[in-house]
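Trainee: the following comprises the amino acid sequence and a computationally predicted model.
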Amino acid sequence: MHRHPGGDDDYPLYPSEAFQLLSSFLSRPGAAAADELRPYLPEVRAMAFYYRFMLDQSNISPIQRSLVRQFIAQLYAAQLLIRRYKDN
Amino acid sequence: MLEIEDIATDIRRTREALLDGYKKGIVNPHHLPQIATIFEEVGTLKEQGSYLIAAMLLNNLDANLRKLPPDIRYLEESLKDDVGRLVKDVADALRRLEHALTVSGQPDLYASYANLAVRVVHTSERADQISKMLPVVPPEFIE
């Protein structure tokens, strides 16, 4: 689905790609899916960090706010799951 | 031995799981890969491309449904309704497939495949549109 981070063709992950990566992982989590998602986590965390600031601003639409909340919640859930696969 | 009624039952369970999931606020396509595998195996054993086409469509549908936000409980109402319509359309396409397999036969089977293909494309497009509604992030945050 994606280029591998750190490769020669490396370019930043789009928020839409990160959102779909998280959605895909959470709807069918597994050790292999965790391995696929793990390299992207630093970039996804950076986006979520920025979005947390955005939540305090009033200039985003209700739909954007709703999706931002979903993004942050999905990242939180994905990180919990990924840790579990690492422990196993 | 696996009968066509068994496949129809699996399709019905998949449809019910999708609709039940939506009522609980989740997008649950988890049964789809299972029936795709059955279609794949039947198609390979019988050497019938028609079943393989169905398998490909069901696998694509699964992949595209997984691009949607899995937890829709806290989404904004209009988005939630939007995802709900998509899920219901997919469930309806599965109902038509089940009916064509058990009752109406070949011409309807291809019509149900065509309907399923439209749902595959529609789900993918809508999932992409929804995820692109996220606000822009400055490049320095994602490098």
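Mentor: Right, received. Where do you want to start?
Trainee: quick one, helices of the chain?
Mentor: Defaulting to chain A. A:15-27, A:31-37, A:41-54, A:62-87 (DSSP state H).
Trainee: chain B is the one I meant
Mentor: Ranges of helices in chain B, per DSSP H, are B:4-24, B:32-46, B:49-65, B:77-99, B:106-131, B:139-142.
Trainee: show me the contacts for residue A:38.
Mentor: By Cβ atoms under 8 Å, 6 or more residues apart in numbering or on different chains, residue A:38 lies in contact with residue A:82. (Each C-beta comes from the backbone N, C-alpha and C, glycine too.)
Trainee: again, only using 10 Å
Mentor: By Cβ atoms under 10 Å, 6 or more residues apart in numbering or on different chains, the contact set of residue A:38 is A:5, A:25, A:78, A:82, A:85-86.
Trainee: of these, which ones also sit close to chain B?
Mentor: Taking Cβ under 10 Å from any Cβ of the partner chain as the test, chain B is in contact with residue A:25 out of the contacts of residue A:38.
Trainee: neighbour count and pLDDT for the contacts of residue A:38 - can I get that in JSON lines?
Mentor: JSON lines is the format used below for these (neighbours: other Cβ atoms under 10 Å in any protein chain shown; pLDDT from 0 to 100):
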{"residue": "A:5", "neighbour count": "15", "pLDDT": "54"}
{"residue": "A:25", "neighbour count": "23", "pLDDT": "94"}
{"residue": "A:78", "neighbour count": "22", "pLDDT": "96"}
{"residue": "A:82", "neighbour count": "19", "pLDDT": "94"}
{"residue": "A:85", "neighbour count": "16", "pLDDT": "86"}
{"residue": "A:86", "neighbour count": "11", "pLDDT": "76"}
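Trainee: chain B: which of the contacts of residue A:38 is nearest?
Mentor: Ranked by distance to chain B (Cβ to the nearest Cβ), the contacts of residue A:38 are led by residue A:25 at 8.8 Å.
Trainee: in this structure the closest one contacts residue A:33, no?
Mentor: Yes: between residue A:25 and residue A:33 there is a contact under Cβ atoms under 10 Å: 5.1 Å.
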